[in-house]
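Student: Build me a model from this:
(2 chains)
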Amino acid sequence: MNKHFSRVMSAGLALAAGLLLAAPAWAAKDSITMGVVLEPPHLDPTAGAAAAIDEVVYANVFEGLTRIGRDGAVLPALAKRWEVSGDGITYSFHLHEGVSFHDGSALDAEDVVFSFRRAMAEDSANAQKALFEPIESLQAKDAKTVEITLKRPTGHFLFNLGWGDAVIVAPESAEGNKAMPIGTGPFKFERWAKGAQIDLVRNPDYWGEAVALERASFKIIPDPAAAVAALLAGDIDAFANLPAPESLAQFESDPRFTVAVGSTEGETILALNNGKAPLDDLTVRQAVCHAIDSQAVIDGAMFGYGTPIGSHFAPHHPAYVDLTGDCAHDPDKARQLLKEAGHAEGFEVTLKLPPPSYARRGGEIIAAQLAAVGIEAELIPVEWAQWLDQVFKNKDYDMTIVSHTEPMDIGIYAREDYYFDYKDPAFVAIMDKLNGASAEADRNAILAEAQKHLSKNAVNGFLFQLAKHGVWKADLEGLWENSPVQANDLTEVRWKE
Amino acid sequence: MGPFLAKRFVAFVLTLLVATLVVFLVLEVLPGDPASIMLGVGAREDTLAALRAELGLDKPAWQRYFAWLGGLLTGDLGRSYTYSVPVAELIGERLAVSLPLALLAIVLSTAIAIPLGVLAAAKRNTAADLAVGAFVQVGVAVPNFWFAMLLILFFAVFLGWLPAGGFTPWAEGLWPALRSLLLPAVALALPQAAILTRVTRSSVLEVLGEDYVRTARAKGLSRTAALWRHAVRNALIPVVTIMGLQFSFLLAGTIIIENVFYLPGLGRLLFQAIAQRDLIVVKDLVVLLAGTVVVVNFCVDLLYAALDPRLKSGGEHA
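Tutor: Below you'll find the predicted structure:
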């Protein structure tokens, strides 16, 4: 009996072990599994703001007339070339020949006209409708030529057409793109197991250079510890932006992995309500500015990853001016300024913190720095839904910490009724001047002026540029180190031989 | 049995009705506009209004409540705001993860707890009892997410036997799917097993002191025979009660474990739906879960009757 039992047991154990070990152990060298933190709500980049949509489909499934390259430059995509009239008003785009959508229908100029009209329409759900606002009229000159006339010269128009929100879709499939995206890109959508993963496969009929990967999967892993474990266990090949900066050192010392710390377009700011006392007073805002030590926030909240900024502008951009010295950390000066403004005893404010760790962890450090000069900040953690409602929409806040991740978004300071409540005709004039300029040098000079203007007026506390911490297998190449747009462009990704 | 069932059914319907009303009202006062979450900070007011109209959010609250209730009665759960697919489909996909996971965990914890509990009671105050007591203490004290991380580090990262997380769909075979549920089920089962063991032990001990057990012994049954034939069966009533509660918890209360193993289960769906203000999903899920709890409790009541014949004659029960 006992002998029999033990024989059955050992057979069972052997079987179990065999099954466990029989798990697929081969590393298929023409597929990749990426980890992403957030699941996209749907897969139509022209009908939603979520960066998670672009992280899957941008450049992989959908393409626009232009696209943004890994260094932030504007590159030709569906448009092989274009001409701009001397006054900067008329753009003629020439489309590639032989481009077809994933459902087999051919791409022509009418599809471009349709896509932009759809985005501009009254009932459009495009989250970046403002990108198309300069367009006066659209015309398909012939099957492969589109002419766009603008209301006024718009210097960054070609860049704007490279956003995920401006990709070209087909009239036959546009409505279904949320669940079954049909684009022109090198990968086709295959499957979406909701809450788990999204699979893409190579498009054999791609018009351009074929991609090296046969398959690409995006696994949704919101938890930082789970992301680290999934990388270590080999369940995923790459995390373009690992949500666990505290674990980077561990990966750096592991030869199986490459760690790439790059930059993003995320200016992280301590936003101030410029329309509400006491922060409507420039002297008080300057005091706040001198009270803050950005480097301490980077070290304490971001494990040292991030670049201090002095205005609302990305340090890797050619027009960047280093203004971090203008408002150096100086608690004595901050107290002095508060005294001048009539707040010698300090005051109380609310500091609303959305969920990301830069806000929640950064908020505690900033509250301590503010307390050192006499400003009592009450920390109020909020979810995104509350943040959008209370802070963004109703301006019911004194201070908040948030990262503005759109590229080249200094123009938000000219927006009427934006949540900073910063109303400055002088800044609006600078932005108008920028829109009228098309020469690179002129534009950069105006952008420098704009940065200085915001710094001088201490509109917000400018903290740091969010870093991008990529971790991937050492024999993988071609992933983006920086993210000039929020995307995981897989077109150049391959496994080393 | 007839009036008992009828009474139960009325309670069932009333509970669900109250649940629909409560969840609807709570979500009404919850701040946050689904449209502005979907379109983000760059959206213009006209775009937002267009989306609100598309979602039917521009209608008065009572109209929306009755439209939703009518949908529930006809089996139409509506469409998710964020995913724009039918909610029923979404919940179905998640149930394919959560239900097997909950069952696996409850089977595991029962398989551990009942033998251990009976053993500890039978060998009261011996080394075996002490060892079981220690297991119970550890099982209750160790947070399951931390235990889950240890499991991942050992079985996935160090040994490489099992995936560190994620879920392989059932379509790809029984074993791959089961493989991905194994570690989460163990992590969930441990604390549940610890609690069940303790309940089983004390319940068996109590029954062992009853007259009928003494009678059975007096009739000449061995200690073991009396234990298994008379004591354990009667001792199971409180155990089954706890199991019923645990099952309801396991179905949607496993959000932390689902996060650690990035499993697409009901808990994460609910959490995500709340964060994104996918209100229709939240409402449907809450009603579904309320319904499950009521049904499970009803099944537990039926089990009482099966376990203890005295309860059939209408006597009081726990």
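Student: Can you tell me the number of residues neighbouring A:A212?
Tutor: 18 (other Cβ atoms under 10 Å in any protein chain shown). Where you see a C-beta, it was placed from the backbone N, CA and C, and this is true even at glycine.
Student: right, and it touches A:K496 too?
Tutor: No: assessed by Cβ atoms under 8 Å, A:A212 is found out of contact with A:K496, at 10.7 Å.
Student: Please confirm that B:A120 is located within a helix.
Tutor: Yes: under DSSP: H, G, I helix; E, B strand; the rest coil, B:A120 falls within a helix.
Student: give the contact list for the closest residue to it other than its chain neighbours.
Tutor: Spatial nearest neighbour of B:A120, excluding adjacent residues (Cβ to Cβ, 6 or more residues apart in numbering or on different chains): B:V132 at 3.9 Å. Contact partners of B:V132, counting by Cβ atoms under 8 Å, 6 or more residues apart in numbering or on different chains, are B:L116, B:G117, B:L119, B:A120, B:T197, B:R201.
Student: Which helix or which strand is home to the residue of the stretch 151-300 of chain B found nearest chain A?
Tutor: Proximity of the stretch 151-300 of chain B to chain A (Cβ to the nearest Cβ) peaks at B:P264, 2.8 Å away. Assigned by DSSP states H and E, B:P264 falls within no helix or strand.
Student: got it, and the one 3 residues further on?
Tutor: Taking DSSP H and E as the criterion, B:G267 maps to helix B:266-275.
Student: Just the C-alphas of that helix, formatted as PDB.
Tutor: Extracted in PDB, the C-alpha atoms of helix B:266-275 (Å, rounded to 0.1, in the frame of the first residue of the first chain):
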ATOM      1  CA  LEU B 266     -13.200  41.400 -12.300                       C
ATOM      2  CA  GLY B 267     -11.400  43.200  -9.500                       C
ATOM      3  CA  ARG B 268      -9.200  45.100 -11.900                       C
ATOM      4  CA  LEU B 269     -12.000  45.800 -14.200                       C
ATOM      5  CA  LEU B 270     -14.000  47.400 -11.400                       C
ATOM      6  CA  PHE B 271     -11.100  49.400 -10.200                       C
ATOM      7  CA  GLN B 272     -10.200  50.600 -13.700                       C
ATOM      8  CA  ALA B 273     -13.900  51.400 -14.400                       C
ATOM      9  CA  ILE B 274     -14.100  53.600 -11.300                       C
ATOM     10  CA  ALA B 275     -10.900  55.400 -12.100                       C
END
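Student: Show me what that helix is in contact with.
Tutor: With Cβ under 8 Å, 6+ apart as the criterion, helix B:266-275 contacts A:39, A:195, A:383-385, B:80, B:82, B:90-91, B:94-95, B:97-98, B:251-255, B:258-259, B:278-279, B:281-282, B:285-286, B:289.
Student: mind listing which of those residues are in strands?
Tutor: Residues of these located in strands (DSSP state E): none.
Student: Which members of these are positioned in helices?
Tutor: Using DSSP state H, the members of the contacts of helix B:266-275 that fall in helices are A:384-385, B:90-91, B:94-95, B:97-98, B:251-252, B:255, B:258-259, B:279, B:281-282, B:285-286, B:289.
Student: can you give me the strands in the stretch 101-250 of chain A?
Tutor: A:135-142, A:145-150, A:187-193, A:197-202, A:215-220, A:238-239 (DSSP state E, counting those that start in this stretch).
Student: which residues sit in contact with A:E55?
Tutor: Per Cβ under 8 Å, 6+ apart, neighbours of A:E55: A:V36, A:L38, A:P40, A:F218, A:A240, A:Q486, A:A487, A:N488.
Student: switch to 10 Å and redo it
Tutor: If you count contacts by Cβ atoms under 10 Å, 6 or more residues apart in numbering or on different chains, A:E55 has them with A:34, A:36-38, A:40, A:45, A:164, A:198, A:218, A:240-241, A:483, A:485-489.
Student: Write a ChimeraX command that selects only the buried members of those residues.
Tutor: Buried subset of the contacts of A:E55, written as a ChimeraX selection, criterion 16 or more other Cβ atoms under 10 Å in any protein chain shown:
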select /A:34,36,37,40,45,164,198,218,240,241,483,485,486,487,488,489
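Student: quick one on the thing from earlier: the residue nearest to the residue of the stretch 151-300 of chain B closest to chain A when sequence neighbours are not counted and A:I220, how far apart?
Tutor: The shortest distance from B:P264 to any non-neighbouring residue, by Cβ to Cβ, 6+ apart, is to A:G195 (2.8 Å). For A:G195, the distance to A:I220 equals 7 Å [Cβ to Cβ, to the nearest Å].
Student: number of nearby residues for whichever residue of the stretch 101-250 of chain A sits closest to chain B?
Tutor: Here the residue of the stretch 101-250 of chain A nearest chain B is A:G195; by Cβ to the nearest Cβ that distance is 2.8 Å. Number of residues near A:G195 (other Cβ under 10 Å) recorded here: 22.
Student: B:V10 now?
Tutor: Neighbour tally, B:V10, other Cβ under 10 Å: 10.
Student: The contacts of A:E55: which ones sit near chain B?
Tutor: Intersecting those with the contacts of chain B gives A:L38, A:P40 (criterion: Cβ under 10 Å from any Cβ of the partner chain).
Student: Just list the residues touching the nearest residue to A:E39 once chain neighbours are set aside, thanks.
Tutor: Closest residue to A:E39 apart from its sequence neighbours, by Cβ to Cβ, 6+ apart: A:I220 at 4.4 Å. By Cβ under 10 Å, 6+ apart, the contact set of A:I220 is A:35-40, A:52, A:193-198, B:166, B:262, B:264, B:268, B:272.
Student: quick one, domains of chain A?
Tutor: A:9-61+A:185-256+A:474-495, A:66-174, A:265-467 (automatic domain parsing).
Student: does any part of the last one sit near chain B?
Tutor: Yep, that's domain A:265-467 we're talking about. Yes: legend: contact between domain A:265-467 and chain B by Cβ under 10 Å from any Cβ is shown at A:355, A:382-390, A:392-394, A:402, A:404-406, A:409, A:412, A:415, A:417-419.
Student: ok, residue 286 - contacts?
Tutor: Reading this off chain A. A:Q286 neighbours (Cβ under 10 Å, 6+ apart): A:D326, A:C327, A:K333, A:A334, A:L337, A:L338, A:E340, A:A341, A:K456, A:N457, A:A458.
Student: Sorry, I should have been clearer: chain B.
Tutor: Counting by Cβ under 10 Å, 6+ apart, B:V286 has contacts B:A19, B:T20, B:V22, B:V23, B:F24, B:V26, B:L27, B:A252, B:L270, B:A273.
Student: that older thread, make JSON lines out of the contacts of B:V132 and add pLDDT and neighbour count.
Tutor: Listed next are those as JSON lines, based on pLDDT from 0 to 100; neighbours: other Cβ atoms under 10 Å in any protein chain shown:
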{"residue": "B:L116", "pLDDT": "92", "neighbour count": "22"}
{"residue": "B:G117", "pLDDT": "90", "neighbour count": "26"}
{"residue": "B:L119", "pLDDT": "88", "neighbour count": "19"}
{"residue": "B:A120", "pLDDT": "89", "neighbour count": "26"}
{"residue": "B:T197", "pLDDT": "93", "neighbour count": "27"}
{"residue": "B:R201", "pLDDT": "91", "neighbour count": "24"}
